[in-house]
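Need the 3D shape of this:
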Amino acid sequence: MLFQIKKISFALVWLSLLFVACNKTDNNPTPVNELEGLKQAAVITNSTHTITLYTATGTFQTGYNAIYFQVKKADGSLVKNATATWTPMMHMMSKSHSCPASAITMKPQATATYGGHIIFQMPSNSSEYWELSLSYTIDGVSYTATSQITVAASSHQVVASFKGSDSVRYILALVAPTQPKVAINDISAALYKMETMTRFVPVDNYTIKIDPRMPDMGNHSSPGNEHLVQGADKLYHGKLGLTMTGYWKINLQLLDAAAHTLKGEPVSDANPASSIYFELEF
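Purely as a prediction, here's the structure:
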């Protein structure tokens with residue numbers, strides 16, 4: 001009987017320790033690194049806040065850029081309740097224009113990191129430059145911060161700006177894959193139309209046809225490709241078959257909701273490439 005009581009007591013002690021350990025774990029979760037995989041790309045300041053912008057590469061490049069930022073007060077604490085919008089502006093010698101930019105939302109699983117995407121159509125140079133303005137509100141008080149930023153030219157063509165047969169100017173940018181592989185890759189792209197020099201809006205219910213080719217290898221294509229159609233996230237998604245490493249030209253055709261071709265041509269022996277395309281090399 002005494003032995004049984006000792007066994008029961010030991011079991012109760014063990015369960016108590018386990019319960020305490022579980023409660024301690026639940027009450028003290030591992031902090032989330034909200035900037036994991038990101039590098040500082042720019043800092044914008046005003047008299048009240050410091051805004052640090054981050055990208056995966058630590059740079060801004062032509063094409064699609066996923067951009068995140070944090071707002072810090074003078075005491076170094078992070079702002080967790082801001083609402084914000086941004087306006088990128090390219091200042092050229094003879095004119096100025098903006099580019100496609102998404103709404104700003106809180107980064108998933110974050111409490112003080114905001115983000116979205118911007119699609120730069122052209123790089124900065126010695127006489128023409130990009131300027132990024134942030135307008136944000138904290139506790140009912142509005143602020144602005146503006147700074148010149150550097151946009152580098154991507155090593156391959158990942159954005160196309162063109163006028164369609166409907167006389168509308170479109171911006172089409174490659175989103176993924178960012179690390180292509182010999183396989184059937186998920187491919188995605190963002191499509192906007194320009195309404196004014198400062199207003200760009202997403203385009204709904206179009207189709208982006210793809211025809212990947214290797215110009216240096218007899219211009220052969222690949223199996224497993226699926227044209228891009230719009231998803232719930234407003235981006236366009238499809239499948240891209242890549243059968244070997246090297247340089248690929250992803251020939252494109254843009255079709256409207258009625259399946260009319262607005263830009264781009266089919267690849268044939270007489271026409272080895274479309275007038276709009278993306279490039280990949282790996």
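
alpha carbons only for contacts and neighbour counts from here, please
Will do.

Can you pull out the low-pLDDT segments for the stretch 1-150 of the chain?
By pLDDT under 70, the low-scoring segments of the stretch 1-150 of the chain are 1-29.

ranges for the strands of it?
39-45, 50-55, 60-61, 63-72, 83-91, 96-97, 105-106, 114-120, 129-138, 141-149 (DSSP state E, counting those that start in this stretch).

Out of those, flag the one nearest residue 159.
Of all these, it is strand 63-72 that lies closest to residue 159, at 4.9 Å by Cα to Cα.

Can you check what angle separates that closest one from strand 114-120?
Relative orientation of strand 63-72 versus strand 114-120 (axes from the mean of the first three to the mean of the last three Cα atoms, to 10 degrees): 150 degrees.

Using PDB, list the CA coordinates for strand 63-72.
Extracted in PDB, the C-alpha atoms of strand 63-72 (Å, rounded to 0.1, in the frame of the first residue of the first chain):
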ATOM      1  CA  GLY A  63      10.500  45.500 -61.600                       C
ATOM      2  CA  TYR A  64       8.500  44.200 -58.700                       C
ATOM      3  CA  ASN A  65       9.800  45.100 -55.200                       C
ATOM      4  CA  ALA A  66       8.300  43.700 -52.000                       C
ATOM      5  CA  ILE A  67       9.100  46.500 -49.500                       C
ATOM      6  CA  TYR A  68       8.700  46.600 -45.700                       C
ATOM      7  CA  PHE A  69       9.300  49.400 -43.200                       C
ATOM      8  CA  GLN A  70       9.300  50.200 -39.500                       C
ATOM      9  CA  VAL A  71       8.500  53.600 -37.900                       C
ATOM     10  CA  LYS A  72      10.500  54.500 -34.800                       C
END
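
ok, and for that strand, which residues are buried?
For strand 63-72, burial by neighbour count (16 or more other Cα atoms under 10 Å) applies to 63, 64, 65, 67, 68, 69, 70, 71, 72.

dump the residue contacts of the fourth one.
Listed by Cα atoms under 8 Å, 6 or more residues apart in numbering, the contact set of residue 67 reads 53, 54, 55, 115, 116, 117, 118.

out of those residues, who's nearest residue 139?
Taking Cα to Cα as the measure, residue 139 lies nearest residue 115 of those, at 19.4 Å.

residues touching the residue nearest to that closest one when sequence neighbours are not counted, list them.
Distances taken as Cα to Cα, 6 or more residues apart in numbering put residue 68 closest to residue 115, at 4.0 Å, once the chain neighbours are dropped. Counting by Cα under 8 Å, 6+ apart, residue 68 makes contact with 53, 54, 55, 107, 113, 114, 115, 116.

Closest one of those residues to residue 34?
Nearest to residue 34, judged by Cα to Cα, of the contacts of residue 68 is residue 113 at 6.7 Å.

Would you point out which residue is most central in the chain?
Nearest residue to the geometric centre of the chain (Cα atoms, centre = their mean): residue 66, 3.3 Å.

what's the burial count for the residue nearest to that residue when sequence neighbours are not counted?
Spatial nearest neighbour of residue 66, excluding adjacent residues (Cα to Cα, 6+ apart): residue 117 at 4.4 Å. Residues within reach of residue 117, counting by other Cα atoms under 10 Å, total 16.
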